[in-house]
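A.B. asks: Pasting the sequence and the predicted model now:
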Amino acid sequence: MPQPGGRLHDFGPFRYDADQRLLFRGGELVPLAPKALDTLHVLIERRGRVVEKDELRKFVWPDTTVEDVGLPRNISLLRKALGGDPETYIETIPKRGYRFRAAAAAPRRRWAWLAVPAAVFALAGLVYWQFYAPSGFLPRGPGYASLVTIPFQPLSAGLEQSGIPFSFNELLVTELTRIERVYVVSPGTVRRYQWVGIGPQIMARLLAADVILDGTVQRVAGALRVTVHLADVHSGKLVWAETYEQTSADAALARQIASEVGVRLSEGFKKN
């Protein structure tokens, strides 16, 4: 069998090692004269195009003048070795030359299959470095939590156009950052993940968040109803939920929600 590292061409039941100039059929070496192998090499390397007779002679016998029968003899030996219809692999182009017509695979490395796991390993390392590697300046461990806030969804017509959900989310993130030992993922990062279509739960896991905060905003009888959910990313369990009815979604409401979130997280810290 060809040794690791050779440029390999597969066609039919055959494999040609271009570096070692060896032809194999089903793992068995096909014995061929050196000049016949040189002829096969030139044809395979130029597969799909016509190789003129003079060009073949130049490559196979670079410094020697040979009789016209030398080249046809090599072609005949190759066709016998490859078997089947004489024109199956090597086609004669009248008055011009020959063409290797088999759909030979492009040359590849014996260890090319290692590229796939290597790429996966590199990608895994990149993901870990990007999302899971510990911060160089933020303490982690028991008593600390990372929180991702998903912009509240508007359930009533016209709310999104009014900008209420967006502005309230900004106010809420600001208040959440005031909670001790809680790190809030930046709204810009959350928006980038949403832009590519990544859902909240997957997003939270990719960002190595511990808890996720989301909610809805809707108009009810002239008031704003804001519903809030705080969930554990790892278990999926709902930690806390509440509904508020206010005349507006303002900083006071954001401060109230952040305060409740801080209480729930503090309780969790004590349990752990």
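C.D. replies: Done, it's in.
A.B. asks: now the stretch 151-272 of the chain, which segments are flagged as low pLDDT?
C.D. replies: The stretch 151-272 of the chain contains residues with pLDDT under 70 at 269-272.
A.B. asks: Strands of that one, residue ranges please.
C.D. replies: 153-154, 182-184, 211-220, 223-232, 238-246 (DSSP state E, counting those that start in this stretch).
A.B. asks: Nearest to residue 30, out of these?
C.D. replies: Closest to residue 30 of the strands of the stretch 151-272 of the chain, according to C-beta to C-beta: strand 211-220, at 63.6 Å. Just so you know, the C-beta spots here come from the backbone N, C-alpha and C atoms, and that holds for glycine as well.
A.B. asks: So which elements touch the closest one?
C.D. replies: Contact here means 3 or more C-beta pairs under 8 Å, 6 or more residues apart in numbering; DSSP states H and E; on that basis strand 211-220 packs against strand 145-149, strand 153-154, helix 159-162, helix 164-176, helix 200-206, strand 223-232.
A.B. asks: Which parts of the third one count as buried, going by neighbours?
C.D. replies: Just to be clear, that refers to helix 159-162. residue 159 (16 or more other C-beta atoms under 10 Å).
A.B. asks: Where is the longest helix in this protein?
C.D. replies: Determined from DSSP state H, the single longest helix within the chain is helix 251-271.
A.B. asks: From the contact counts, what lies against that one?
C.D. replies: strand 145-149, helix 164-176, strand 182-184, strand 223-232, strand 238-246.
A.B. asks: Swap in 6 Å and give it another go.
C.D. replies: helix 164-176, strand 238-246 (3 or more C-beta pairs under 6 Å, 6 or more residues apart in numbering; DSSP states H and E).
A.B. asks: And the helices in the stretch 1-150 of the chain, which stretches?
C.D. replies: According to DSSP state H, counting those that start in this stretch, the stretch 1-150 of the chain carries its helices in the segments 34-45, 53-60, 70-82, 115-127.
A.B. asks: what's the most buried one of these?
C.D. replies: Using mean count of other C-beta atoms under 10 Å, the stretch among the helices of the stretch 1-150 of the chain with the largest mean neighbour count is helix 34-45, at a mean of 20.
A.B. asks: What mean pLDDT does that one get?
C.D. replies: For helix 34-45, mean pLDDT is 89.
A.B. asks: Kindly export it (C-alpha atoms) in CSV.
C.D. replies: Only the C-alpha atoms of helix 34-45 are listed here, as CSV (Å, rounded to 0.1, in the frame of the first residue of the first chain):
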residue,chain,number,x,y,z
PRO,A,34,8.7,2.3,-15.1
LYS,A,35,8.1,4.0,-18.4
ALA,A,36,4.5,2.8,-18.4
LEU,A,37,4.0,4.3,-14.9
ASP,A,38,5.6,7.5,-16.1
THR,A,39,3.1,7.6,-19.0
LEU,A,40,0.2,7.0,-16.6
HIS,A,41,1.5,9.7,-14.3
VAL,A,42,1.5,12.3,-17.0
LEU,A,43,-2.0,11.3,-18.2
ILE,A,44,-3.5,11.4,-14.6
GLU,A,45,-1.8,14.7,-13.7
